[in-house]
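Visitor: Need a 3D model of the following:
(one chain, ligands or ions: 2)
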Amino acid sequence: MLRLHIIFIFIFTCRVGADTEEACPAFTGLSISSALTGTDLKVKLLLYTRQNQHCAETLSTVASNYLNVTKKSIFIVHGYRPTGSPPVWIQDIIKLLLSIEDVNIIIVDWNRGATTLIYHNAFRKTRKVAEFLKERIDRMLAEGASLDSIYLIGISLGAHISGFVGQMYNGRLGRITALDPAGPLFRGKPHSERLDPSDAQFVDVIHSDIDGLGYREALGHIDFYPNGGTDQPGCPQTIFSGSQYFKCDHQRSVFLFLSSLKKSCNITAYPCDSYRDYKNSKCTSCNIFQPLPCPVLGYYAYEWKSHLTQKDPPVTKAFFDTADKEPFCIYHYFVDVITWNQNMRRGSLTIKLTDQAGNTAKSRINHEAAVFQQHRQTILLTGFDQDLDEVQRMSLTFSTGTVVGPKYKLRILQMRLWSISNPERPALCRYDLVLMENVEIGFKPIPCESRPT
Ligand SMILES: *[C@@H]1O[C@H](CO)[C@@H](O)[C@H](O)[C@H]1NC(C)=O
Ligand SMILES: *[C@@H]1O[C@H](CO)[C@@H](O)[C@H](O)[C@H]1NC(C)=O
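Guide: Ligands and ions are numbered 1, 2, ... in the order given. The predicted structure follows:
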């Protein structure tokens with residue numbers, strides 16, 4: 001028995017020895033004690049390509065074995081790290097980006113510098129990180145890279161770092177994607193002290209925590225505001241949920257971007273002045289992008305670049321709701337209703353769809369109380385987190401939102417439901433229906449005689 005132990009210890013020591021020799025460079029892991037004392041800036045660049053997807057190479061002054069500067073290079077710049085732990089999404093972003101394109105992925109590890117309990121100390125290091133990156137990019141340019149092929153993805157503070165780098169090249173960098181750019185200490189600053197559309201040929205931004213750690217105003221050629229940019233569905237609403245309460249909304253921008261790389265569905269965004277207008281179905285026309293549909297969030301947003309950058313000023317805000325988990329897509333529909341109540345009614349409609357296999361989807365976009373007037377058409381925007389193809393049954397619930405008082409009826413002459421995301425699908429209709437307030441009425445819809453336009 002003792003001998004067995006000795007053998008095990010022997011094997012164990014040998015393995016550890018072998019591993020340290022061949023170990024792959026990894027993102028700096030720090031702990032809360034480093035955050036307490038604060039850290040000095042040290043930037044490390046980790047290169048991943050299709051040739052070394054599972055084992056990074058540290059980019060240094062020595063010639064690289066894997067960097068091919070004729071390919072696109074994507075720099076990933078993280079943000080503030082209050083606990084010192086490596087970002088949870090690093091391996092996913094590497095794997096997904098390499099799965100869709102043969103590129104150089106350079107993880108910009110400035111964890112030493114970003115790790116501190118004092119946000120202001122991390123903030124003060126952002127220029128230095130940008131200067132470090134400028135030097136590295138200069139060297140790549142000298143080796144034959146083109147600025148067009150440089151793409152920076154910056155998260156939180158990293159978004160502004162990317163902006164600073166772009167500024168040093170007078171906006172000739174290919175692209176910057178900003179994932180919930182940091183708000184604190186950047187709010188209200190002039191262009192030169194934060195990210196702005198002049199920092200790259202194309203700047204796309206996802207804002208997911210504008211009332212917390214993120215930045216409220218538009219900073220790019222297109223600014224996506226999922227769920228209005230504030231409370232993300234599925235994120236805890238109270239502080240009792242621990243650290244998730246602080247970072248879930250902020251981090252959602254990264255998970256939305258990752259989801260776009262998986263291509264399982266498109267997260268379509270609707271250009272609009274405000275979230276409220278989007279909710280009230282004022283912004284669902286995508287004609288300005290013809291022949292393209294409305295812009296899609298994430299990696300593929302560059303397909304809309306020529307439309308978006310030609311605008312004057314080149315700023316587009318786009319709003320949309322998402323589901324609470326991956327793949328986050330909501331499938332947008334219009335419902336239009338003609339009623340014959342003599343008196344005007346105000347209220348909202350909840351719609352449930354069921355397909356042949358028994359899958360159900362419930363409408364999720366809560367618009368303001370709609371106004372239903374006799375013989376007038378009321379158009380509402382709605383969305384489902386599942387895209388049911390063969391709808392067999394539908395149900396409607398009318399609600400005025402009041403708990404006390406008389407129960408109202410909504411007398412429907414005609415209702416039509418049609419998909420914005422899949423315009424080739426026939427619209428579904430129902431004629432002559434009376435809804436009792438807060439009572440779910442189910443029926444089998446029929447294809448409409450004509451398609452709404
Ligand atoms: C570098 O990438 C280019 C474009 O993908 C390719 O044609 C070339 O063969 C690569 N060079 C090396 C040394 O692998
Ligand atoms: C997503 O949008 C792109 C670009 O418009 C389109 O080519 C693709 O087919 C769409 N994918 C899905 C799953 O609808």
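Visitor: from here on, contacts and neighbour counts on C-alpha atoms
Guide: OK.
Visitor: Nearest residue to the residue in the stretch 51-200 of the chain that ligand 2 sits nearest to in space, ignoring adjacent ones along the chain?
Guide: At 14.1 Å from ligand 2, Ile100 is the closest residue in the stretch 51-200 of the chain, using Cα to the nearest ligand atom. Closest residue in space to Ile100, ignoring its immediate chain neighbours: Leu261 at 7.6 Å, by Cα to Cα, 6 or more residues apart in numbering.
Visitor: Give me the below-cutoff pLDDT ranges for the stretch 201-350 of the chain.
Guide: Scanning the stretch 201-350 of the chain for pLDDT under 70 picks out the ranges 240-242.
Visitor: What number of residues are in the vicinity of the residue nearest to Ile100?
Guide: Residues within reach of Leu261, counting by other Cα atoms under 10 Å, total 20.
Visitor: was I right about Leu98 contacting Leu47?
Guide: No. Applying Cα atoms under 8 Å, one finds Leu98 not in contact with Leu47, separated by 11.8 Å.
Visitor: More neighbours: the two, which one.
Guide: Between Leu98 and Leu47, Leu47 has the larger neighbour count (other Cα under 10 Å), namely 25 against 17.
Visitor: doesn't that one fall inside a strand?
Guide: Yes. Assessed with DSSP: H, G, I helix; E, B strand; the rest coil, Leu47 lies in a strand.
Visitor: quick one: secondary structure of Asp138?
Guide: Taking three-state DSSP, the label given to Asp138 is helix.
Visitor: Please enumerate the helices of the stretch 201-350 of the chain.
Guide: With DSSP state H, counting those that start in this stretch as the criterion, the stretch 201-350 of the chain has helices at 243-262, 275-279, 305-310.
Visitor: Could you do the stretch 51-200 of the chain as well?
Guide: 90-100, 111-114, 119-123, 126-142, 157-168.
Visitor: May I see those helices organised as TSV, with mean pLDDT and distance to Ala301 added?
Guide: Shown next, in TSV, are the helices of the stretch 51-200 of the chain (pLDDT from 0 to 100; distance: least, Cα to Cα, whole Å):
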stretch	mean pLDDT	distance to Ala301
helix 90-100	97	15
helix 111-114	97	29
helix 119-123	96	28
helix 126-142	97	24
helix 157-168	98	17
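Visitor: Now render the ones you listed as CSV, adding distance to Leu292.
Guide: Conversion of the helices of the stretch 51-200 of the chain to CSV gives the following (distance: least, Cα to Cα, whole Å):
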stretch, distance to Leu292
helix 90-100, 21
helix 111-114, 40
helix 119-123, 39
helix 126-142, 34
helix 157-168, 28
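Visitor: my guess is the residue nearest to Ile100 meets Lys95, correct?
Guide: No. The pair Leu261 / Lys95 is not scored as a contact, 9.9 Å apart, by Cα under 8 Å.
Visitor: Cool, thanks, signing off.
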